[in-house]
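> Need a 3D model of the sequence below.
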Amino acid sequence: MIEIDFLVDLAIKAGRAILDVYRTDFSVNRKEDLSPLTLADMQSHRIILDGLNSRYPHIPVVSEEGRPVPYDVRRNWTRFWLVDPLDGTREFVKRNGEFTVNIALVEGTSPVLGLIYIPVAERLFFGDCREGCWEISGGQRRALRVREPSAEHRLRVVKSRSHPSRGLDTLLKLLPDYEVVKRGSALKFCALAAGEADFYPRTGPTSEWDTAAGQAVVTAAGGVVVDFEGSPFPYNKPIIENGPFLAASSYDWLKRTGLLDRARSLIKGKLHSG
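Take a look at the predicted model:
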């Protein structure tokens, strides 16, 4: 049985270690793909890895900062932890506070639990796809539910603060007047789950650890995260790259607006990117 309180405490512990580095004059290294890597990434990784291995020794862990696990090994897993120890390292380096700790439990090929902790704000989002979604902040816990866009409210589209999405303007031409809400890291999923945004499209590629916790949180809050063909991302693929996606309150809304059809055309190269 998965202990939610344990996961919450583990994420907060990792978040405190991240903040300890955040308050120093830290150095920034570069991975092979030139993405940034800091001591905070590695400190959080070690805390989460040690905690999960100690409490759940029979559930394997895949972490962005861990050693790659060959697909020949992973393909036989029935469930595993999928972790991004510090999602939004670019935001961490910019010191804007918009970075998170992401922990997800994947069963089969779907994330069923997702936990996103925002260390600077001390806000935690937890989604259980069987039970619901909650935010824990200031010692209070409240249930979350996505908001269905309506004509009475101006549509809010959440965009990445540091990752411009090629072709996004072409996709958004279908929408009426809307306002842009910018968020870093997995805060974009949190905004959707909390009803602070209505639509989160991503036309650029992502990796499984970028989306697993967020997909679980949004799904548990009643929303959907689907690829440009309209299907939820499968996890534990031979290659961890996901590709683009649409996150919204419902599949029906994506269909009614024509966004799903436009997305399918965009991914097939029938539309000019903008």
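> Just the buried positions in stretch 36-52, please.
37-49, 51-52 (16 or more other CB atoms under 10 Å). All C-beta atoms are positioned from the backbone trio N, CA, C, and that covers glycine.
> From the residues you listed, pick the one nearest Ala17.
Nearest to Ala17 out of the buried residues of stretch 36-52 is Gln43 (CB to CB; 4.4 Å).
> Ignoring the adjacent residues along the chain, who's closest to the closest one?
Spatially, and ignoring its direct neighbours in sequence, Gln43 is nearest to Ala17 (4.4 Å; CB to CB, 6 or more residues apart in numbering).
> average model confidence for stretch 223-239?
Averaged over stretch 223-239, pLDDT sits at 95.
> gap between the two ends of it?
26 Å (CA to CA, to the nearest Å).
> contact partners of that stretch?
With contact meaning CB atoms under 8 Å, 6 or more residues apart in numbering, stretch 223-239 is reached by 71, 74-75, 77, 80, 82, 106, 109-111, 146, 189, 192-193, 208, 211-212, 214-215, 218-219, 242-251, 254, 260, 263-264, 266-267.
> Return a ChimeraX selection command for the buried portion of these.
Applying 16+ other CB under 10 Å to the contacts of stretch 223-239, the buried members can be selected in ChimeraX as follows:
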select :74,80,82,106,110,111,146,189,192,193,208,211,212,214,215,218,219,242,244,245,246,247,248,249,254,260,263,266,267
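> among the contacts of stretch 223-239, which are in strands?
Under the assignment DSSP state E, those contribute Phe80, Leu82, Val106, Ser110, Pro111, Phe245, Leu246, Ala247, Ala248 to strands.
> Can you get me the start-to-end distance on stretch 194-213?
Span of stretch 194-213 from end to end, CA to CA: 15 Å.
> again with stretch 46-66
End-to-end distance for stretch 46-66, by CA to CA: 9 Å.
> Kindly report the same for stretch 176-191.
20 Å.
> what does stretch 26-41 give?
Start-to-end, stretch 26-41 (CA to CA) is 12 Å.
> domains of this protein?
Taking automatic domain parsing as the reference, the chain has its domains at 4-143, 155-267.
> related to what we said a few turns ago, now do the same contact list for the residue nearest to Gln43.
Ala40, Gln43, Ser44, Ile47.
> was I right about the second one contacting Leu19?
It refers to Gln43. No: taking contacts as CB atoms under 8 Å, Gln43 lies outside contact range of Leu19: 10.3 Å.
> average pLDDT across stretch 255-274?
Mean predicted lDDT for stretch 255-274 stands at 75.
> And that stretch, what's buried?
Thr257, Leu259, Leu260, Arg262, Ala263, Leu266, Ile267, Leu271.
> Quick one: distance of that stretch to the chain centre.
Centroid separation for stretch 255-274 versus its chain: 23 Å, with CA atoms, centre = their mean, to the nearest Å.
> Name the residues that touch it?
Counting by CB under 8 Å, 6+ apart, 166-171, 173-175, 199, 201, 203, 226, 228-230, 243-244, 246, 248, 251, 254 sit against stretch 255-274.
> Of the residues you listed, which belong to helices?
Those of these mapping onto helices are Leu168, Asp169, Thr170, Leu171, Tyr251, Leu254, per DSSP state H.
> What is the neighbour count of the third one?
Right, Thr170. Neighbours of Thr170 under the rule other CB atoms under 10 Å: 17.
> now do the first one
Applying the criterion other CB under 10 Å, we find 20 residues in the vicinity of Leu168.
> next one: the second one
Per other CB under 10 Å, the neighbour tally for Asp169 reads 12.
> Tell me how far it lies from Ala216.
From Asp169 across to Ala216, the span is 29 Å (CB to CB, to the nearest Å).
> thinking again about what came up before, got CSV for the ones in strands among the contacts of stretch 223-239, with distance to Gly138 and pLDDT too?
Formatted as CSV, the ones in strands among the contacts of stretch 223-239 follow (distance: CB to CB, whole Å; pLDDT from 0 to 100):
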residue, distance to Gly138, pLDDT
Phe80, 32, 98
Leu82, 28, 98
Val106, 30, 98
Ser110, 32, 97
Pro111, 27, 98
Phe245, 31, 94
Leu246, 32, 96
Ala247, 26, 96
Ala248, 29, 96
